[in-house]
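>>> model the structure of this input:
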Amino acid sequence: MAVLIQSEKTVVEPKVVLQSFSLKRHTLDLYVSPEALFVPNAVSRLFAKIVRIEPDDVVFDIGTGTGVLAVWAAHEPSSVVYAVDPVREHALLARRNARLNGVGDKLRSFQGSLYEPLSADLRADVIIGDVSGIADGPGRALGWYASDVPTGGGDGTEVITDLLRQTHARLRPGGRLYFPVAVGLSDDEKIMSVARERFGRLEQKVDVWFPFTDEEYDLVACCLPSAFLSKLCKRGSRMAWNGHIYEATNPRAA
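All right, here's what the predicted structure looks like:
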């Protein structure tokens, strides 16, 4: 989350820039607002590498931000993509980015929490759940979340566990959910406990380490509980946190 996938930037209006992002098989030009909103990052790129979209799949991108993964999914052989984000400015930019990339007729953007703005009978083959999964303290201290963008709460689990608990009613038979876990920056054990309770099968697709600068680690060390801090590890000469992405299938109700 600290590493941007970036190339040329063009300022198009105050706080909004046009930036190019490369994700699996596609290069996207997107309007983003680095000073105020979520900007696609290394985790976005990892999702694009491992998310499997088959011909005519219905895709939900929950926590779409400014629409990077939704626009990417619309360029894949999906039939329709529903993009949802709680931040109004995100939802508006996602809609604008869909038009910019020629997928405005395939991508539908909504403002709201998780599945709330979607029709209750709507089901997906693929759900991308790149939602807030960083505890409030490090997320704010590191500047990864602007003040208007929600974090994962005090322990980083609030949004992801709600997503996991609600998804059984939103997947078609054979459907799959993709979700992240930030080991060391959230209560990963709580997240995985809920995931095992709500899904019959979990497959870890990504296991990577993200290094801190010395300054970033000092900021994090001041606001993390000891149980989280003990899971940060030294990788080479720098401390780092461990990022996982899972594919979850065979959902079940409580």
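>>> residue 109 in helix, strand or coil?
strand (DSSP: H, G, I helix; E, B strand; the rest coil).
>>> do you know how far it is from residue 46?
Distance, residue 109 to residue 46, using C-beta to C-beta, to the nearest Å: 23 Å. From N, CA and C alone the C-beta is placed, and that goes for glycine too.
>>> of these two, who's got more company?
Shown here are residue 109 and residue 46; by other C-beta atoms under 10 Å, residue 109 has more neighbours (25 against 21).
>>> check the gap between that one and residue 211 for me.
In terms of C-beta to C-beta, residue 109 sits 34 Å off from residue 211.
>>> my read: residue 199 touches residue 249, true?
Yes: with contacts counted by C-beta atoms under 8 Å, residue 199 reaches residue 249, the gap being 6.6 Å.
>>> ok, the two, which is more surrounded?
Higher neighbour count among residue 199 and residue 249: residue 199, with 22 against 14, using other C-beta under 10 Å.
>>> okay, now the unreliable bits of the chain?
1-14, 36 (pLDDT under 70).
>>> grab the most central residue of it for me.
residue 130 (2.0 Å; C-alpha atoms, centre = their mean).
>>> quick one, strands of this protein?
9-13, 16-23, 26-32, 58-62, 80-85, 107-111, 124-128, 171-183, 199-211, 233-235, 238-251 (DSSP state E).
>>> ok and the second one relative to strand 26-32, angle-wise?
In this case it means strand 16-23. Here strand 16-23 runs at an angle of 160 degrees relative to strand 26-32 (axes from the mean of the first three to the mean of the last three C-alpha atoms, to 10 degrees).
>>> only alpha carbons, please: show strand 16-23 as CSV.
What follows is strand 16-23, C-alpha atoms only, in CSV (Å, rounded to 0.1, in the frame of the first residue of the first chain):
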residue,chain,number,x,y,z
VAL,A,16,-7.2,15.7,-9.7
VAL,A,17,-4.5,14.2,-12.0
LEU,A,18,-4.6,11.9,-15.0
GLN,A,19,-2.2,9.0,-14.4
SER,A,20,-1.4,5.8,-16.2
PHE,A,21,-1.4,2.4,-14.4
SER,A,22,-0.3,-0.9,-15.7
LEU,A,23,-2.2,-4.0,-14.5
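>>> buried residues, it. List them.
If you call a residue buried by 16 or more other C-beta atoms under 10 Å, then strand 16-23 has these buried ones: 16-19, 21, 23.
>>> next one: the last one
By 16+ other C-beta under 10 Å, the buried positions in strand 238-251 come out as 239-248, 251.
>>> and which of those residues is nearest residue 59?
Proximity of the buried residues of strand 238-251 to residue 59 (C-beta to C-beta) peaks at residue 247, which lies at 14.0 Å.
>>> what's the closest non-adjacent residue to that closest one?
residue 203 (4.7 Å; C-beta to C-beta, 6 or more residues apart in numbering).
>>> residue 98 now?
residue 107 (3.9 Å).
>>> got a list of what the one you found touches?
Applying C-beta atoms under 8 Å, 6 or more residues apart in numbering, one finds that residue 107 lies in contact with 67, 70-71, 74, 80-81, 83, 94-95, 98.
>>> now those as a markdown table including distance to residue 57 and neighbour count?
Output for the contacts of residue 107, formatted as a markdown table (distance: C-beta to C-beta, whole Å; neighbours: other C-beta atoms under 10 Å):
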| residue | distance to residue 57 | neighbour count |
| --- | --- | --- |
| 67 | 18 | 33 |
| 70 | 13 | 30 |
| 71 | 15 | 30 |
| 74 | 11 | 27 |
| 80 | 9 | 17 |
| 81 | 9 | 31 |
| 83 | 15 | 30 |
| 94 | 19 | 30 |
| 95 | 21 | 20 |
| 98 | 17 | 23 |
